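[1] No sequence on hand, only this structure:
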Ligand SMILES: Cc1cc2nc3c(=O)[nH]c(=O)nc-3n(C[C@H](O)[C@H](O)[C@H](O)COP(=O)(O)O)c2cc1C
């Protein structure tokens, strides 16, 4: 697959088939992820794959809880929230055969001095986000769908995800990525802003 096609066909997929993703494919996704640039060459990312039914169920519950909190935070009406709950709990929105949780280990440092704490943290998150993008593009090539889940960073939820992943509090959760075969035809979403609105030359 041409890179151009992978970029244009990447779109957030939230409904997946009940079909297993071969472990070999999951490994290929992470192999693509770690090819991303990593600030100061730190490679302080960790990829934790939730594949067992028990682990997936628990993580799914946390994603659903986060999404409900998100809908409330954007002042969605109770009626709309009920509809979205139905989509999640009955139609299987966000239910995937595999989830990849991406963390960074905050203890792994390159710059000396606490004045760099924040900058190096941001660099690590940026590096992990680039890794996630690689993973997502590789997924397109393998016929897989993904979506970036950020709501698992809501207070309280992140701690639970970290605990499920078996990591200590030195690890910061960058994102959770459900992975699976798309249940529906891929239809990349249009962008709201034109290139001219976001591009300038100086
Ligand atoms: C950092 C980040 C966090 C996101 N968190 C969520 C999330 O918690 N739940 C969700 O359904 N989508 C989430 N998304 C996906 C965006 O909603 C999606 O990328 C956006 O609407 C554009 O659609 P597209 O990915 O299909 O082009 C997140 C995306 C990013 C980059």
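    Arrived safely. Because the structure is predicted, anything quoted here is derived from the model rather than measured. Numbering: from 1, shown residues only.
[2] Might you enumerate the residues of the chain proximal to the ligand?
    11, 12, 14, 147, 148, 149, 150, 151, 189 (Cβ under 6 Å from any ligand atom). Every residue, glycine included, has its C-beta placed from N, CA and C.
[3] Identify the single longest strand in this protein, thanks.
    strand 171-180 (DSSP state E).
[4] can you give me the offset of the helix or strand just after it from its chain's centre?
    Next helix or strand after strand 171-180 toward the C-terminus (DSSP states H and E): helix 195-198. Relative to the centre of its chain, helix 195-198 is centred 26 Å away, using Cα atoms, centre = their mean, to the nearest Å.
[5] could you give the mean pLDDT of helix 195-198?
    In this model, helix 195-198 has a mean pLDDT of 98.
[6] same question, stretch 112-121
    On average, stretch 112-121 scores 96.
[7] That stretch: which residues count as buried?
    residue 120 (16 or more other Cβ atoms under 10 Å).
[8] For it, measure first residue to last.
    End-to-end distance for stretch 112-121: 13 Å, by Cα to Cα, to the nearest Å.
[9] List the contacts of that stretch.
    39, 40, 104, 106, 109, 110, 111, 172 (Cβ atoms under 8 Å, 6 or more residues apart in numbering).
[10] Go ahead and confirm the second one touches residue 111.
    Yes. Applying Cβ atoms under 8 Å, one finds residue 40 in contact with residue 111, separated by 7.2 Å.
[11] quick one: the helix or strand containing residue 120 to chain centroid distance?
    Using DSSP H and E, residue 120 sits within helix 117-141. Chain-centre distance of helix 117-141: 10 Å, with Cα atoms, centre = their mean.
[12] Show me what the helix or strand following it packs onto, helices and strands only.
    Counting by DSSP H and E, the next helix or strand C-terminal to helix 117-141 is strand 145-146. Under the contact criterion of 3 or more Cβ pairs under 8 Å, 6 or more residues apart in numbering; DSSP states H and E, strand 145-146 touches helix 117-141, strand 171-180.
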